[in-house]
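> Show me the folded form of this:
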Amino acid sequence: MSRPGNTSHITDSTDSVDTPRGADTTEDRSDRGQPRPGGLETTRMPSAAERTRTLVQSTCSSVLLIPGLDVADSDRLMPVTRSVGPDGDLFLELPADSPVVRAATHAEDDGPTAVLQVTDVAPVSVPHRIRGRAWVSGRLTTVPGMSGPGRMMLRLETDEAYVDDLWGAQEVGPEEFRDAEPDPLAGYETELLQHLHAGHGEQLASLCGLLGERAAGRCPAHLPSVVPLALDRYGLRLRLCEAGGRCYDGRFEFPAPVRDVVELRQAMYTLFEAAEL
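Sure thing, here's the model as predicted:
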């Protein structure tokens, strides 16, 4: 599966490597203008398989596509529920009258090839709000008897996957996808980011100081907005936007990967405390 994630280097005056350990800014852009890692902030990060698995098992919107099947109303292609089985295959529940259900029901041989596309949108308003997409493709078959009236369960036998997100673009093999675990904070991320955005703006802005001289022209006095963009067990990502509209990401690693919300609170306290020093 090929989903090019072209990036172009942004040349500016921040190429000196003087950032404190655990904090860095991006210097690259995707072909859609999305800030991307500049090579320094990847010491600890979720793998491509983990990121794909997290998106698939999240509440992000998704559509199930069959090549050659044209449907005017994309709502009829959206799974009502989706889950991952122990072998890495996807179980997708759709309305029984969905065009993809009909295609899978009447297909010959091994069923049609289908692609699940998941789109991740930031839960707070921010430039370049689409944080990423994931695709999982394989053969699609029906699983009768697993859904209630008016619905049909479909099985997507995972053959290959691909993720294109804030970390970059990468293919994911079926075994990697099967063995990966979703991020433990995924179910809380939306609420946590919205809470940080609504009630902790000054503390978030103070984190900019941890970026060192690389962010000298991007810290609170020069920035109209500092927005919490993403959160995972390894750290917090902020989007820093200048008055002219140019945006950068600041990534702040936790002292150690967190396993739950309790550990997250302590990790956030440690970050804010460091910013005050």
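> Please enumerate the strands of the stretch 51-200 of the chain.
Along the stretch 51-200 of the chain, the segments classed as strands by DSSP state E, counting those that start in this stretch run 61-65, 81-84, 90-95, 113-121, 130-142, 151-165, 168-172.
> Could you name the helices and strands sitting against the fourth one?
Counting contacts by 3 or more Cβ pairs under 8 Å, 6 or more residues apart in numbering; DSSP states H and E, strand 113-121 is packed against helix 48-56, strand 61-65, strand 130-142, strand 151-165. C-beta here means a position set from N, CA and C on the backbone, and glycine is covered the same way.
> buried ones in the longest one?
If you call a residue buried by 16 or more other Cβ atoms under 10 Å, then strand 151-165 has these buried ones: 151-158, 160-165.
> for the shortest one, same thing?
Buried residues in strand 61-65, counted by 16+ other Cβ under 10 Å: 62, 63, 64, 65.
> Mind listing the strands that strand pairs with, and their directions?
strand 113-121 (antiparallel) (DSSP bridges).
> Can you give the contact residues for the strand it pairs with?
For strand 113-121, the external contacting residues (Cβ atoms under 8 Å, 6 or more residues apart in numbering) are 55-56, 58, 60-67, 79, 82, 90, 92, 100, 104, 129-140, 156, 165.
> Could you quantify the relative orientation of it and strand 151-165 as an angle?
Relative orientation of strand 113-121 versus strand 151-165 (axes from the mean of the first three to the mean of the last three Cα atoms, to 10 degrees): 60 degrees.
> Backbone dihedrals for the closest residue to residue 257 other than its chain neighbours, please?
Excluding its sequence neighbours, the residue lying closest to residue 257 (Cβ to Cβ, 6 or more residues apart in numbering) is residue 233, at 4.6 Å. Main-chain torsions, residue 233, degrees, to the nearest 10: phi -70, psi -20.
> can you pull the contacts of residue 233?
46, 183, 184, 185, 254, 257, 258, 259 are the contacts of residue 233 under Cβ under 8 Å, 6+ apart.
> count of residues packed around the residue nearest to residue 141 when sequence neighbours are not counted?
Excluding the flanking residues, the one nearest residue 141 by Cβ to Cβ, 6+ apart is residue 111, at 4.3 Å. By the criterion of other Cβ atoms under 10 Å, residue 111 has 20 neighbours.
> Check the gap between residue 111 and residue 79 for me.
Using Cβ to Cβ, to the nearest Å, one obtains 16 Å as the distance from residue 111 to residue 79.
> got the end-to-end distance for stretch 102-112?
11 Å (Cα to Cα, to the nearest Å).
> And the buried residues of strand 61-65, which two are furthest apart?
62 and 65 (9.9 Å; Cβ to Cβ).
> Give me the buried subset of the contacts of strand 113-121.
Buried among the contacts of strand 113-121 (16+ other Cβ under 10 Å): 55-56, 58, 60, 62-66, 79, 82, 90, 92, 100, 104, 131-140, 156, 165.
> sorry, back to before: next, format the strands of the stretch 51-200 of the chain as CSV and append distance to residue 228.
Shown next, in CSV, are the strands of the stretch 51-200 of the chain (distance: least, Cβ to Cβ, whole Å):
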stretch, distance to residue 228
strand 61-65, 21
strand 81-84, 26
strand 90-95, 30
strand 113-121, 14
strand 130-142, 12
strand 151-165, 16
strand 168-172, 21
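> closest to residue 205 out of these?
strand 130-142 (21.0 Å).
> could I get the strands of the stretch 51-200 of the chain as TSV with distance to residue 208 and mean pLDDT?
Compiled in TSV, the strands of the stretch 51-200 of the chain are given as follows (distance: least, Cβ to Cβ, whole Å; pLDDT from 0 to 100):
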stretch	distance to residue 208	mean pLDDT
strand 61-65	32	97
strand 81-84	37	97
strand 90-95	40	97
strand 113-121	24	98
strand 130-142	20	97
strand 151-165	23	97
strand 168-172	23	97
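> Nearest to residue 243, out of these?
strand 130-142 (23.1 Å).
> Strand partners (parallel or antiparallel) of the helix or strand residue 249 falls within?
Secondary structure assignment for residue 249, by DSSP states H and E: strand 247-253. Strand pairing for strand 247-253, using DSSP bridges, gives strand 23-25 (antiparallel), strand 235-241 (antiparallel).
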